[in-house]
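In: My questions are about this predicted structure, shown below with the sequence.
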Amino acid sequence: MYYVLTAARYDLFQGVNLNLNFPSIVGKVQVGERELEYGYSSGIYVKHVSASTPIRSLPTQEEIDGLGGGKSVRDWEARFELAYQRCKDENVTLVGGVAPTAILFAQYLRRAHGVYPKDLWQVQIMTLGSVPGINTRYEPALKSLYGPVAIREIYGATEGMFGQQRDEHRAWVPNYDLFLFEVQTRSGIKLLHEMRPGEMGSLIVSTPILARYKIGDLILAFRAPYFRCIGRDHWWTSLSYAWSEFTTFNFGRL
């Protein structure tokens with residue numbers, strides 16, 4: 001929505017969102033006397049987005065859920081084929097979901113139907129998450145498969161949507177109004193907004209349900225208000241990030 005407002009691309013709403021998300025329902029669990037459905041957060045988010053915004057998603061989340069919650073190659077190819085059949089004659093202006101899944105879908109299209117997404121649609125923007133390096137390491141592959149799209153990173157987890165990229169700067173801005181963010185740094189625990197540019201720390205999030213939950217992600221601070229998740233909180237993550245920045249000629253640039 002922020003992209004539409006800042007870029008004045010209201011024609012985005014005339015098209016559809018190519019929904020490549022995980023199922024929102026994969027099973028049921030008994031909680032006391034109630035039987036509750038459970039599923040992947042990405043699919044659950046799509047249900048809320050479809051209900052509360054003008055964005056129309058195809059396939060619908062209900063159609064994706066109808067294929068079951070399997071994770072095999074055959075299961076994903078069935079979802080990809082459903083997405084192709086539902087969207088091949090549509091005006092796809094938005095692609096949302098998981099970055100590696102978007103690449104796998106494009107590879108499936110080429111293998112199964114002899115086309116790339118850019119041959120079918122003129123996608124305006126891709127809103128993607130789940131992995132670090134979406135705007136750097138993944139950008140060349142995404143643009144070669146989908147065309148000259150704007151790429152916007154979303155940063156979240158099952159516990160909530162913690163932040164999103166708001167402009168051309170390749171980093172995300174935290175949702176301070178919804179969560180309390182702390183980080184465990186070498187100098188101790190501090191609030192996220194107190195981090196200095198170049199400082200790293202392990203993210204701790206407080207939600208309305210979970211207090212001081214250590215996510216396990218390593219966060220890098222840039223100039224306010226920008227941050228990046230550079231990977232999981234392991235000793236080698238900063239080295240891997242530095243190598244990725246070098247090989248992509250990004251060198252820490254926003």
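Out: Sure, I can see it.

In: where along the stretch 151-254 of the chain do the helices fall?
Out: Assigned by DSSP state H, counting those that start in this stretch, the stretch 151-254 of the chain shows helices spanning 237-247.

In: where do the strands sit along it?
Out: Under the criterion DSSP state E, counting those that start in this stretch, the stretch 151-254 of the chain contains strands at 160-164, 173-174, 180-185, 188-191, 200-206, 213-221, 227-232.

In: Among these, which comes closest to Pro132?
Out: strand 227-232 (5.1 Å; CB to CB). Where you see a C-beta, it was placed from the backbone N, CA and C, and this is true even at glycine.

In: Would you mark the buried spots in the closest one?
Out: Buried residues in strand 227-232, counted by 16 or more other CB atoms under 10 Å: Phe227, Arg228, Cys229, Ile230, Gly231.

In: and it, what does it pack onto?
Out: strand 213-221, helix 237-247 (3 or more CB pairs under 8 Å, 6 or more residues apart in numbering; DSSP states H and E).

In: So what touches the first one?
Out: Residues outside strand 213-221 that contact it (CB atoms under 8 Å, 6 or more residues apart in numbering) are 157, 159, 183-184, 192, 195-207, 227-234, 237-238, 241.

In: Turn the buried residues of strand 227-232 into TSV, including distance to Tyr213.
Out: Output for those, formatted as TSV (distance: CB to CB, whole Å):
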residue	distance to Tyr213
Phe227	18
Arg228	20
Cys229	15
Ile230	19
Gly231	18
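
In: quick check: domain ranges of the protein?
Out: Using automatic domain parsing, the domain parsing of the chain gives 2-158, 176-254.
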